[in-house]
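J.: I would like to see how this sequence folds:
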Amino acid sequence: MAPPNIVLYDVPSASPEAWAPNIWRIRFVLNFKRLLYRTAWVEYQDVERTLRSIGAPPSSVGRDGRPVYTLPAILVPQRPSEPPIVLSSTNAIVEYLETTHPARPVFPDGSRALQFAFVHYLNDVVVKPLLAIMIPLSHMRLPEHVQAHFRGPTTTGMPGYLAPGPQREGAWLAVKEKFDFLASLLDKNSGPDGDGLVVMGRELSYADFAICSLLVWIERVSPHDGWVRVRQWSGGRWVRLWDRCKDYMDVY
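T.: Alright, predicted model coming up:
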């Protein structure tokens, strides 16, 4: 086999597990398409320097007019005389992989616009109440020196952390309501239209990997609280989706 030629940039936690949901979307697509790649681990404080060094475009522009660099990003080497292809937007990366490697498509014919709209809904509606819980927990899973980078020299504690109690229970209830509504939408694919589990009816697609990326995030960052809850929701639907996607959860 040829050596891996795609480099996927990811952020490490204090443990060796990959956890970031936006990066998991790309990893799922790479694994599903059976593409050779390797992960390059970049700590948060080194993201901008690393992406600038490989010529990655900024993800956005901040309010101060400065370019903002975020992950995921991929680097694809070309011929020795040609510069590598470097992409740093989730949508741009997925579209590039689908176009250049059309075998085992993640966008069945005619579904690309609808799937991107679905994932936008997922980010804008379903993920929003989850952030209040998961961002502080994700912060706690980072190496201590990276936590200190975000806290600054005079701040202690985990910003926004919800301790066990009514506030955290209320936050998880808000998340459950969004997942329950999502389950009700997917149930419309039951019967002759599909198995009721995956977004496109019967076959895994990019939208399913976007959902499962959230499940991986919860399982890796909150295994004894969040994942225990989520796996019981909707009659175990989300565990079944996890099982459908688990063959594509390898980290290389």
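
J.: where are the low-confidence patches of the stretch 101-250 of the chain?
T.: 143, 145-162 (pLDDT under 70).

J.: What ranges does it have for its helices?
T.: 112-121, 127-141, 144-151, 166-186, 206-221, 226-230, 237-245 (DSSP state H, counting those that start in this stretch).

J.: possible to save the ones you listed as a markdown table with distance to Glu95 and mean neighbour count?
T.: For glycine as for every other residue, the C-beta is placed from the backbone atoms N, C-alpha and C. Converted to a markdown table, these look like this (distance: least, CB to CB, whole Å; neighbours: other CB atoms under 10 Å):
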| stretch | distance to Glu95 | mean neighbour count |
| --- | --- | --- |
| helix 112-121 | 8 | 16 |
| helix 127-141 | 21 | 17 |
| helix 144-151 | 31 | 13 |
| helix 166-186 | 24 | 15 |
| helix 206-221 | 10 | 23 |
| helix 226-230 | 29 | 18 |
| helix 237-245 | 21 | 18 |
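
J.: Out of those, flag the one nearest Gly194.
T.: Between Gly194 and these, the tightest spacing by CB to CB is seen for helix 166-186, at 8.8 Å.

J.: Which neighbouring elements make contact with the closest one?
T.: With contacts taken as 3 or more CB pairs under 8 Å, 6 or more residues apart in numbering; DSSP states H and E, helix 166-186 sits against helix 127-141, helix 226-230, helix 237-245.

J.: Looking at those, which is nearest to Ala56?
T.: helix 127-141 (22.5 Å).

J.: Serialize the helices of the stretch 101-250 of the chain to JSON lines and add fields for distance to Asp10.
T.: Converted to JSON lines, the helices of the stretch 101-250 of the chain look like this (distance: least, CB to CB, whole Å):
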{"stretch": "helix 112-121", "distance to Asp10": "19"}
{"stretch": "helix 127-141", "distance to Asp10": "13"}
{"stretch": "helix 144-151", "distance to Asp10": "14"}
{"stretch": "helix 166-186", "distance to Asp10": "25"}
{"stretch": "helix 206-221", "distance to Asp10": "12"}
{"stretch": "helix 226-230", "distance to Asp10": "20"}
{"stretch": "helix 237-245", "distance to Asp10": "18"}
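
J.: Of those, which is nearest Gly196?
T.: helix 166-186 (6.2 Å).

J.: For the residue lying farthest from the centre of the chain, which three-state class applies?
T.: Most distant from the centre of the chain: Ser81, at 33.4 Å, with distances by CA atoms, centre = their mean. Of the three states, Ser81 takes coil under DSSP: H, G, I helix; E, B strand; the rest coil.

J.: Can you add distance to Lys33 and give the helices and strands packed on helix 166-186 back as CSV?
T.: Output for the helices and strands packed on helix 166-186, formatted as CSV (distance: least, CB to CB, whole Å):
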stretch, distance to Lys33
helix 127-141, 25
helix 226-230, 27
helix 237-245, 14
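
J.: Figure out which of those is closest to Arg25.
T.: Between the helices and strands packed on helix 166-186, helix 237-245 lies closest to Arg25; by CB to CB that is 11.3 Å.

J.: Arg237 and Arg38: what is the separation?
T.: Separation of Arg237 from Arg38 (CB to CB, to the nearest Å): 33 Å.

J.: Just to check, Phe118 is in contact with Met200?
T.: No - with contacts counted by CB atoms under 8 Å, Phe118 stays clear of Met200, the gap being 9.8 Å.

J.: list residues touching both of those two?
T.: Residues touching both Phe118 and Met200 (CB atoms under 8 Å, 6 or more residues apart in numbering): Ala207.

J.: before we move on, back to that, out of the helices and strands packed on helix 166-186, nearest to Tyr96?
T.: Taking the helices and strands packed on helix 166-186 one by one with CB to CB, helix 237-245 is closest: 21.5 Å.

J.: Need the contact partners of that closest one.
T.: Contacts of helix 237-245 (CB under 8 Å, 6+ apart): 28, 179, 183, 186, 197-198, 204, 208-209, 211-212, 215, 219, 230-231.
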